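[1] Here is a sequence together with a model predicted from it:
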Amino acid sequence: MMTHLNKTAKIIDGKVFAASIRQQVSDHVKLLNSEHQIIPGLAVVLVGGDPASQVYVRNKAKQTREVGMRSFEHKLDESVSESTLLDLIVKLNQDPEVHGILVQLPLPDHIDSAKVIDMIAVEKDVDGFHVVNVGRLASGLDALTPCTPLGCLLMLKDLHGDLSGKEAVIVGRSNIVGKPMAQLLLRNHCSVTVVHSRSQNIKEICQRADILVAAVGRAEMVKADWVKAGATVIDVGINRIENNNVKPRLVGDVDFASVQPIAGAITPVPGGVGPMTIACLLANTVTACCRIHDLAAPDGLGA
Ligand SMILES: Nc1nc(=O)c2c([nH]1)NC[C@@H]1CN(c3ccc(C(=O)N[C@@H](CCC(=O)O)C(=O)O)cc3)C=[N+]21
Ligand SMILES: [Mg+2]
């Protein structure tokens, strides 16, 4: 048979990887239960009825129960006042059965999200969005780490092992992905560049990357000629392309079809970063529970 000189990138299977993380979480939950009679609990707060958010929240709750943890769902009306939401956070902070608190974002415009997030007890902030966790991550201290960048890092470490000296380029500077991703890659000794909507020569900068993380929320923006041959491409984007009458198609921030033949490895959408995000949320909840009870957290599930 003929061998082909043109390579095709390895497709990183986020679903399989996420399942192995959930298995480790589930093993640790069993241990906490048998040795210490502790059941980790995750509270998810959803404000309003956005259909996509409802699907995510339902998936989170289902997977939380599947790994043996308690799930507490709080659905509030779109019109809820900021003070009612803050009161709920205070209650959850004080509840000993709750070890992790996630407030689904975005929140309605009349609510100050920073105020709500910073009301969450630092040790229960499983999203890692509290200003203290952000600062701890940036300072190289133990921190609860945002789930999406943590999932990306675990995939990169699994693929490459040591990341020292690798040239990483992140497209997007959001507080939930781009910035914490930069911190995690820096902590793992990469050279890190963050490009964004005001950057010049984005394409040329991306061409240097050994590791390219796309997190801008613009459908198929990263094209084949942005990617160095053999680079690892992590696609964080989830963009719904609406088609008349048919089910919307999900695409990432990377033009998968054209990039796949160039890249060395690439995450698909769906089935890449998305499932890892939820798995890391469960991992963060067990980690938070262990720290709250002053017990050893599971190995290999942190940054
Ligand atoms: N406080 C907060 N924390 C979050 O982590 C958070 C949030 N707010 N708001 C919304 C975004 C979005 N998000 C996703 C999680 C899993 C998938 C996921 O599992 N995606 C599947 C497919 C999903 C589909 O079919 O729609 C996949 O990529 O294969 C996607 C998106 C977490 N978010
Ligand atoms: Mg941006």
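    Happy to help now that I have it. Ligands and ions are numbered 1, 2, ... in the order given.

[2] Can you get me a residue count around the nearest residue to Leu301 once chain neighbours are set aside?
    Distance criterion CB to CB, 6 or more residues apart in numbering; nearest residue to Leu301, sequence neighbours excluded, is Ala283 at 4.1 Å. Just so you know, the C-beta spots here come from the backbone N, C-alpha and C atoms, and that holds for glycine as well. The number of residues packed near Ala283 is 28, by other CB atoms under 10 Å.

[3] Thought Ile21 was touching Ala283, still the case?
    Yes. Using CB atoms under 8 Å, Ala283 is in contact with Ile21, at 5.9 Å.

[4] Find the residues that touch each one of those two.
    Leu301 (CB atoms under 8 Å, 6 or more residues apart in numbering).

[5] Val134 and Gly128 touch, don't they?
    Yes. If you go by CB under 8 Å, Val134 and Gly128 touch, sitting 7.3 Å apart.

[6] Buried residues of stretch 109-119, list them for me.
    Neighbour-count burial for stretch 109-119, counted by 16 or more other CB atoms under 10 Å, picks out Ile111, Ser113, Val116, Ile117, Met119.

[7] Can you give the contact residues for stretch 234-251?
    Residues outside stretch 234-251 that contact it (CB under 8 Å, 6+ apart): 52, 148, 152, 155-156, 172, 177, 211-222, 252-254, 256, 266-270, 272-274.

[8] Can you select the buried ones among the residues you listed for me in ChimeraX?
    Buried residues among the contacts of stretch 234-251 (16+ other CB under 10 Å), as a ChimeraX selection:
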select :148,152,155,156,172,177,211,212,213,214,215,216,219,220,221,222,252,253,254,256,266,267,268,269,272,273,274
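
[9] of the contacts of stretch 234-251, list those near ligand 1.
    Near ligand 1, judged by CB under 6 Å from any ligand atom, the entries from the contacts of stretch 234-251 are Val269, Pro270, Gly274.

[10] is it fair to say His74 lies in a helix?
    No. His74: not assigned to a helix; according to DSSP: H, G, I helix; E, B strand; the rest coil it is strand.

[11] per-residue confidence for the residue lying closest to Ile12 once chain neighbours are set aside?
    Nearest residue to Ile12, sequence neighbours excluded (CB to CB, 6+ apart): Thr267, at 4.8 Å. What the model reports as pLDDT for Thr267 is 98.

[12] next one: Met1
    45.

[13] Pull the contacting residues for the residue of the chain found nearest ligand 2.
    The minimum distance from the chain to ligand 2, using CB to the ion, falls at Gly172 (4.4 Å). Going by CB under 8 Å, 6+ apart, Gly172 touches Gly178, Val194, His196, Val213, Ala214, Ala215, Val216, Gly217, Val236, Asp253.

[14] Quick check: the first one touching Leu184?
    Meaning Gly178. No. Contact criterion CB under 8 Å: Gly178 and Leu184 do not qualify, at 11.1 Å.

[15] more crowded one of the two?
    Leu184 (24 against 21).

[16] For the more buried one, give me its contacts.
    Per CB under 8 Å, 6+ apart, neighbours of Leu184: Leu137, Thr145, Pro149, Leu150, Cys152, Leu153, Ala303.

[17] Include distance to ligand 2 and pLDDT when you put the contacts of Gly172 into a markdown table, please.
    Listed next are the contacts of Gly172 as a markdown table, based on distance: CB to the ion, whole Å; pLDDT from 0 to 100:
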| residue | distance to ligand 2 | pLDDT |
| --- | --- | --- |
| Gly178 | 6 | 98 |
| Val194 | 9 | 98 |
| His196 | 5 | 97 |
| Val213 | 12 | 99 |
| Ala214 | 11 | 98 |
| Ala215 | 8 | 98 |
| Val216 | 6 | 97 |
| Gly217 | 8 | 95 |
| Val236 | 11 | 98 |
| Asp253 | 11 | 98 |
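
[18] Please flag which of the residues you listed sit within strands.
    The strands, defined by DSSP state E, take in Val194, Val213, Ala214 from the contacts of Gly172.

[19] beta partners of the last one?
    To tie it back to what came earlier, the one meant is Ala214. Beta-bridge partners of Ala214, counted by DSSP bridges, are Val171, Asp235.

[20] What distance do you get for it to ligand 1?
    Distance of Ala214 to ligand 1, given as CB to the nearest ligand atom, to the nearest Å: 14 Å.

[21] Report the contact partners of that residue.
    By CB under 8 Å, 6+ apart, the neighbours of Ala214 are Val171, Gly172, Met221, Val222, Val233, Ile234, Asp235, Val236, Gly237, Gly252, Asp253, Val254.
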